[in-house]
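# okay, predicted coordinates and the sequence, questions at the end:
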Amino acid sequence: MPLFRYLVPPLLLLLLGSARGEQALQMSSEMAAPAAVVIISATPPALPALPDPSQEVKDDLPPIPTIDLTTPPDDLWQRMRNGFAMPDLDSPLVADRQAWYLNRPDLLKRVFERSRRYLHHIVAELEKRGMPTELALLPIVESSYNPLAYSSARALGMWQFIPSTGKTYKLQQNWWFDQRRDIVASTSAALDYLQFIYEMHGDWHLALASYNWGEGAVGRAIAKNRAKGLPTDYLHLNMPGETRYYVPKLQAIKNIIAQPQLFGINLDPIPNRPYFGTVERSGNMDIALAARLAEIPVDEFIALNPAYSRPVMPTAANSPLVLPADKVQTFVSNLQHHEAQDKPLSAWHTHNLKKGEKLESVARLYGISPARLKQLNGINARTKITPGFTLLVPGKDAIGQDALAARLPQTPANPPRAAKVKKGKAGKAGKAHAKPKGMVVKIRKPPAAKPAVKPKRH
C-alpha cells in the first residue's frame, strides 16, 4: 500500500505528459494540413481586369502643343524664334519702344522687307557660333538693315562700324571699296566683336551696351556702381540716353517678332533657305558685266555687293561675288561662255597721275569731261590729288559708265550732323529714336580703355 502510494503520482504525470504531447502533435498536424491543401489544391481567385491605357486620355482633350527642334521650320522667323536665348529685359522703356515701333507699321514693313536679303545668312552664322539668334535683329536698331547707312560718327554699313574698329577687324577701306558695307565681311566682324565683349562682361545686356557705348565706358560705369555698393546690371548703370534706350529697342523688336499676332502685325513669312550664294573671282570685273552675267538688275547686284565704290571690282578686294542663290549657276554658265569668246572682264583702265599732270589733260586724253572724270573717281574739293594718284577711266566698251557711276555707294567726305537737342531732353522717350537709320556710337578697338566715340544724345 505504501509503495503504490509513491508510484501513482509519477505515473499520472507521465501519462498526462504523454497525452499532452499527442494533443500538441495532433494540433500541429491539424494546423499544417489546411496549409498543404491550400497550396496544392486551391485555385487563385481571378484578378480584376486593368483598364486599357489607351482609353485613359479622352479623345476630346486638346493635344499638348510641342516644338520640334529636330526638323527645320519652313519659316525663317520661326527658326529665329527657336534660337532666342537672351534673358528678357524688364523695363518700362521696352513698352515705350514697342509703342514707338507699333505706331509706325510702314517703317516696320520696309525694314522687314529689306532684311529678307540678309537675314538667313546672319541667323545661320549666329547658330554656327552658338549665339542668341535675336542678335540678327540688331541691324534693325543700328541701320534699319540698310548696308549704306552712314552716321555722324562716321559709322558705316549694316552693323555701323567706325573706321578704326573696321581696321581692327580687318575690314578694308580704300578708294575702291569699303568692307564695312560688305554683307559677309561686316557680319563676320560684328559677330567677332559681340563675342569679344560678351566674354568680357558675361552678360548680353552689358555686351550690347558696350557695342553702343564702348566696353571701356561700360566697364567704368560698372566700377563706379560697385564702389558704391550698387547693382552692376544694365538697368542700374548710369549711361547716356541713347545707350539706355538701346537694349529696350532690341527687346521691343524681339517681342514683336516673337508674337506678331498679339500686336496686330502681319509678318510675312521668309523662306528658311539661303537668299544668296557666293562665287569666287580671280581678276578685275566690271559691276555692270557681273550683273548682266547673273541676269539680275544692277540695283539688286549693288544691294548684295554694296562695298564697291567704283564701276570695277578689283582683284585686291579679295571678296567673293554675292549673288541670288538661284542665279549662281546662271552666272557661272554665262561667265564660261563669255570667257570662251575671249572677251575681257573689264572695259575700264587705270591711269596713275604723273608729276605736273592735270585732271583736264587726263580727261581730254580719254575723251571725257573733267567733271565726268571727277564724278567717276569720287573727287571733290577735299580730295588730295598728288602724283601717283590712281584714276579710273572708261574704255570704249565700258558698260553703262554714265548711269552706273551715279548709283554706286560712296563714303561721304563729311559725315551728317547729329541733330541738336536742348539740354535736359536726352532722356525723353520721344527723342530717343529720332533717327531710325543711324545709331552713332560704334564698335571699337579692343581692349582700349575709352570708347571710340561718345554717343550722340537725342
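Nice, thanks for sending it over. Residues are numbered from 1 along each chain as shown.
# in contact with the residue most central in space within the chain, which residues?
Nearest to the mean C-alpha position of the chain, by C-alpha atoms, centre = their mean, lies A136 at 2.5 Å. Going by C-beta atoms under 8 Å, 6 or more residues apart in numbering, A136 touches M80, L119, I122, V123, L126. Where C-beta positions appear, they are placed from N, C-alpha and C, glycine not excepted.
# so for the closest residue to P344 other than its chain neighbours, what's the pLDDT?
Distance criterion C-beta to C-beta, 6 or more residues apart in numbering; nearest residue to P344, sequence neighbours excluded, is D397 at 7.8 Å. pLDDT, D397: 78.
# and what about D397, helix, strand or coil?
Applying DSSP: H, G, I helix; E, B strand; the rest coil to D397 yields a three-state assignment of coil.
# for the chain, which residues score under the pLDDT cut-off?
In the predicted model of the chain, residues 1-70, 399-402, 413-458 satisfy pLDDT under 70.
# again, only using 80
Across the chain, the ranges flagged by pLDDT under 80 are 1-70, 316-318, 396-406, 411-458.
# how does it divide up, domain by domain?
Using automatic domain parsing, the domain ranges for the chain come out as 76-272+421-431, 348-396.
# coming back round to it: what about the residue nearest to the centre of the chain, distance to V123?
5 Å (C-beta to C-beta, to the nearest Å).
# shared neighbours of these two, which are they?
Counting by C-beta under 8 Å, 6+ apart, the common neighbours of A136 and V123 are M80.
# how long is stretch 156-173 end to end?
One end of stretch 156-173 to the other measures 11 Å (C-alpha to C-alpha, to the nearest Å).
# tell me which residues in it are buried?
Within stretch 156-173, the residues that count as buried by 16 or more other C-beta atoms under 10 Å are 156-163, 165-166, 168-169, 171-173.
# the protein: strands as residue ranges?
Ranges of strands within the chain are 276-279, 285-286, 312-313, 321-324, 348-352, 390-394, based on DSSP state E.
# packing partners of the fifth one?
Contacts of strand 348-352 with other secondary structure elements, assessed using 3 or more C-beta pairs under 8 Å, 6 or more residues apart in numbering; DSSP states H and E, are made with strand 390-394.
# again, but for the third one
If contacts are counted by 3+ C-beta pairs under 8 Å, 6+ apart, strand 312-313 sits against strand 285-286, helix 287-294.
# hmm, who's touching that strand?
Residues outside strand 312-313 that contact it (C-beta under 8 Å, 6+ apart) are 176-177, 281, 284-287, 290, 305, 319, 321, 346, 348, 392.
# same thing with the second one?
Residues external to strand 285-286 that are found in contact with it (C-beta under 8 Å, 6+ apart): P311, V312, M313, L321, L345, S346, A347, W348, A398, I399.
# and these, which two are furthest apart?
Spanning the widest gap among the contacts of strand 285-286 are L321 and A398, at 19.2 Å by C-beta to C-beta.
# return the residues in contact with T390.
By C-beta under 8 Å, 6+ apart, T390 lies in contact with W175, T350, H351, N352, L353.
# tally of neighbours for the closest residue in space to S369 that isn't next to it in sequence?
Distances taken as C-beta to C-beta, 6+ apart place A363 nearest to S369, at 6.0 Å, with adjacent residues excluded. Residues lying near A363 (other C-beta atoms under 10 Å) number 19.
# from now on call the first residue 17
Noted, 17 is the first residue going forward, which turns the last one into A379.
# need the winner for burial among the domains of the chain.
Among the domains of the chain, the stretch with the highest mean neighbour count (mean count of other C-beta atoms under 10 Å) is domain 92-288+437-447, at a mean of 19.
# chain neighbours aside, what residue packs nearest to P330?
What sits nearest to P330 in space, not counting adjacent residues and going by C-beta to C-beta, 6+ apart, is W192, at 5.0 Å.
# pretty sure the one you found contacts A323?
No: between W192 and A323 there is no contact under C-beta atoms under 8 Å: 9.0 Å.
# need the residues touching each of those two.
Common neighbours of W192 and A323 (criterion: C-beta under 8 Å, 6+ apart): A333.
# now the helices for the stretch 267-416 of the chain?
Here the stretch 267-416 of the chain has its helices, by DSSP state H, counting those that start in this stretch, at 303-310, 314-320, 344-356, 375-381, 386-392.
# okay if I get the ones you listed as JSON lines plus distance to R260?
Formatted as JSON lines, the helices of the stretch 267-416 of the chain follow (distance: least, C-beta to C-beta, whole Å):
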{"stretch": "helix 303-310", "distance to R260": "42"}
{"stretch": "helix 314-320", "distance to R260": "33"}
{"stretch": "helix 344-356", "distance to R260": "44"}
{"stretch": "helix 375-381", "distance to R260": "49"}
{"stretch": "helix 386-392", "distance to R260": "43"}
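# quick one: which of these is nearest P247?
helix 314-320 (43.9 Å).
# buried sites along that closest one?
By 16+ other C-beta under 10 Å, the buried positions in helix 314-320 come out as V314, F317, I318, A319, L320.
# out of those, flag the one nearest to N282.
If you rank the buried residues of helix 314-320 by distance to N282 using C-beta to C-beta, A319 comes first, at 23.9 Å.
# ok, the closest one - contacts?
Contacts for A319 (C-beta under 8 Å, 6+ apart) come out as R133, P163.
# measure it to G293 for me?
Where G293 is concerned, A319 sits at a distance of 15 Å (C-beta to C-beta).
# quick one on the thing from earlier: widest-spaced pair of the contacts of A152?
L135 and L142 (10.6 Å).
# could I get stretch 283-290 in CSV with only the CA atoms?
The C-alpha coordinates for stretch 283-290 follow below in CSV (Å, rounded to 0.1, in the frame of the first residue of the first chain):
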residue,chain,number,x,y,z
LEU,A,283,4.6,89.3,-90.5
ASP,A,284,5.1,87.9,-94.0
PRO,A,285,7.0,84.6,-93.8
ILE,A,286,10.5,84.4,-95.1
PRO,A,287,11.6,81.1,-96.7
ASN,A,288,14.1,79.2,-94.5
ARG,A,289,16.7,78.9,-97.2
PRO,A,290,19.7,80.9,-98.3
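# identify all contacting residues around stretch 261-280.
Taking C-beta under 8 Å, 6+ apart as the rule, stretch 261-280 contacts 93, 96-97, 100, 102, 104-105, 107, 109-114, 116-118, 124, 150, 153-154, 156-157, 221, 224-225, 228-229, 250, 281-283, 445, 448-449, 455.
# about what we covered before: make TSV out of the helices and strands packed on strand 328-329 and add distance to A341 and mean neighbour count.
Output for the helices and strands packed on strand 328-329, formatted as TSV (distance: least, C-beta to C-beta, whole Å; neighbours: other C-beta atoms under 10 Å):
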stretch	distance to A341	mean neighbour count
strand 301-302	20	22
helix 303-310	11	22
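# any chance of these in CSV, plus distance to V348?
Formatted as CSV, the helices and strands packed on strand 328-329 follow (distance: least, C-beta to C-beta, whole Å):
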stretch, distance to V348
strand 301-302, 13
helix 303-310, 9
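# which one of those lies nearest to P89?
helix 303-310 (29.3 Å).
# mind giving me the packing neighbours of that closest one?
Under the contact rule (3+ C-beta pairs under 8 Å, 6+ apart), helix 303-310 is packed against helix 314-320, strand 328-329, strand 337-340, helix 344-356.
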